[in-house]
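Novice: Below are the sequence and a predicted model for it; my questions follow.
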Amino acid sequence: ALVSATEMLNKAREGKYAVGAFNTNNLEWTKAILVGAQAANSPVMIQTSMGAAKYMGGYKVCYDLVKDLIDSMGITVPVALHLDHGDYEAALECIEIGYTSVMFDGSHLPFEENMEKAKDVIAKAHAKGVSVECEVGSIGGEEDGIIGSGELADPKECKLIADLGVDFLAAGIGNIHGSYPANWTGLSFETLSAIADITGGHLPLVLHGGSGIPVEQVKKAISLGVSKINVNTECQEVFAAATRKYIEEGKDQQGKGFDPRKLLEPGTTAVTELVKQRIEWFGSTGKA
Ligand code: G3H
Ligand code: ZN
């Protein structure tokens, strides 16, 4: 069923596991994520960046696709359709269209403006039962044109945003979009603990840049309050690797191997396998 993310993330926070939030790009990825979550009997979040939604033909197309696939595929696990790193206008548009969850990312704005816009998005979203994620501090690296400084979040600012009634909070804790550089010093658990404490110990926290974080750090972050983990780059990597292997083995030149339904199959299966593995890492297998 298509649901808001509030209940699944509150349950995860209390149960000390995290829900995977996987970025989609097209029909195949959307199916791959749904198949993985259903096989794992786990709640899941499917998210579109603004760029991916544009690529897919707009937010309405994304919404219809996810909603209709849940029905036609007989998906019974809870699924939230979430806008990833949305600006103010995108967040309002997605709330209108039927997304069940939105991220308003005002992290690059002056803090006052981030607060003001967050407050408005939260009011409009909650009026329609839509859950909201906001961001404080900054996730390093680049994702779909969104470039972050990697500045650690200020726990006092996190508290101010939490008090607006945000449903879950993304905070910069040394995490980076894309792959991690060799000299990366790891997540700042000190910052994470301070944010969990100051926000009262129950607010679900979000870990962006989930690709490439060692599993021990992922588990420690979950134990300290992370309840949603975003994974994008690793899905792209396994999709590309499986597709490359298929072509390098010449399978696209055998029979009707060039048929897109065959050509895209190994990559799609690879995404499903990764989704199942990450759900297992995050501890949400069987939690539907
Ligand atoms: O918002 C999406 C994520 O933070 C994805 O990060 O590409 O490093 O997995 P990633
Ligand atoms: Zn992100």
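Specialist: Yep, that arrived. Residues are numbered from 1 along each chain as shown. Ligands and ions are numbered 1, 2, ... in the order given.
Novice: Show me which residues of the stretch 1-150 of the chain sit near ligand 1.
Specialist: 23, 84, 85, 143 (Cβ under 6 Å from any ligand atom). Yep, even glycine has a C-beta here, placed from its N, CA and C like the rest.
Novice: got it, and the stretch 151-288 of the chain?
Specialist: Proximity of the stretch 151-288 of the chain to ligand 1 (Cβ under 6 Å from any ligand atom) is limited to residues 177, 178, 208, 209, 210, 211, 230, 231, 232, 233, 234.
Novice: and with 8 Å instead?
Specialist: Neighbours of ligand 1 within the stretch 151-288 of the chain, by Cβ under 8 Å from any ligand atom: 175-179, 207-212, 230-236.
Novice: For residue 143, give its distance to residue 226.
Specialist: 18 Å (Cβ to Cβ, to the nearest Å).
Novice: Which one's more surrounded, these two?
Specialist: Applying other Cβ atoms under 10 Å to residue 143 and residue 226 shows that residue 226 carries more neighbours, namely 30 against 21.
Novice: from what I can see that one touches residue 209, true?
Specialist: No: using Cβ atoms under 8 Å, residue 226 makes no contact with residue 209, being 11.8 Å away.
Novice: who touches the helix or strand encompassing residue 134?
Specialist: Here residue 134, judged by DSSP states H and E, is contained in strand 131-136. Contacts to strand 131-136, defined as Cβ atoms under 8 Å, 6 or more residues apart in numbering, come from residues 4-6, 9, 80, 82, 85, 91, 100-107, 114, 118, 121-122, 125-126, 153-154, 157-158, 161, 164, 166-172, 206, 228.
Novice: Out of those residues, which sit inside strands?
Specialist: Per DSSP state E, strands hold the following members of those: 80, 82, 85, 101-104, 168-171, 206, 228.
Novice: now the helices: where do they sit in this structure?
Specialist: Here the chain has its helices, by DSSP state H, at 6-15, 27-40, 50-56, 59-72, 88-97, 111-127, 155-162, 189-198, 215-223, 233-248, 260-263, 265-282.
Novice: hmm, back to that, among the residues of the stretch 151-288 of the chain next to ligand 1, which ones are buried?
Specialist: The neighbour-count criterion (16 or more other Cβ atoms under 10 Å) marks 175-177, 207-212, 230-236 among those as buried.
Novice: quick one: strands adjacent to the helix or strand of the chain with the lowest mean pLDDT?
Specialist: In the chain, no helix or strand scores lower on mean pLDDT, DSSP states H and E than strand 146-148, which sits at a mean of 79. Strand 146-148 has its sheet partners listed here by DSSP bridges as strand 141-143 (antiparallel).
Novice: how far is the strand it pairs with from where the chain is centred?
Specialist: Taking Cα atoms, centre = their mean, to the nearest Å, the mean C-alpha location of strand 141-143 is offset from the chain mean by 14 Å.
Novice: do stretch 53-68 as well
Specialist: When C-alpha coordinates are averaged (Cα atoms, centre = their mean), stretch 53-68 and its chain have centres 16 Å apart.
Novice: do the same with stretch 3-13
Specialist: The answer for stretch 3-13 is 13 Å, by Cα atoms, centre = their mean.
Novice: same check, this time on stretch 114-128
Specialist: Relative to its parent chain, stretch 114-128 has a centroid offset of 20 Å by Cα atoms, centre = their mean.
Novice: Backbone dihedrals for residue 17, both of them.
Specialist: phi -140, psi 180 (degrees, to the nearest 10).
Novice: mind listing what it touches?
Specialist: Neighbours of residue 17 in contact, by Cβ under 8 Å, 6+ apart: 222, 227, 282, 283, 284, 287.
Novice: Chain neighbours aside, what residue packs nearest to it?
Specialist: residue 283 (3.3 Å; Cβ to Cβ, 6 or more residues apart in numbering).
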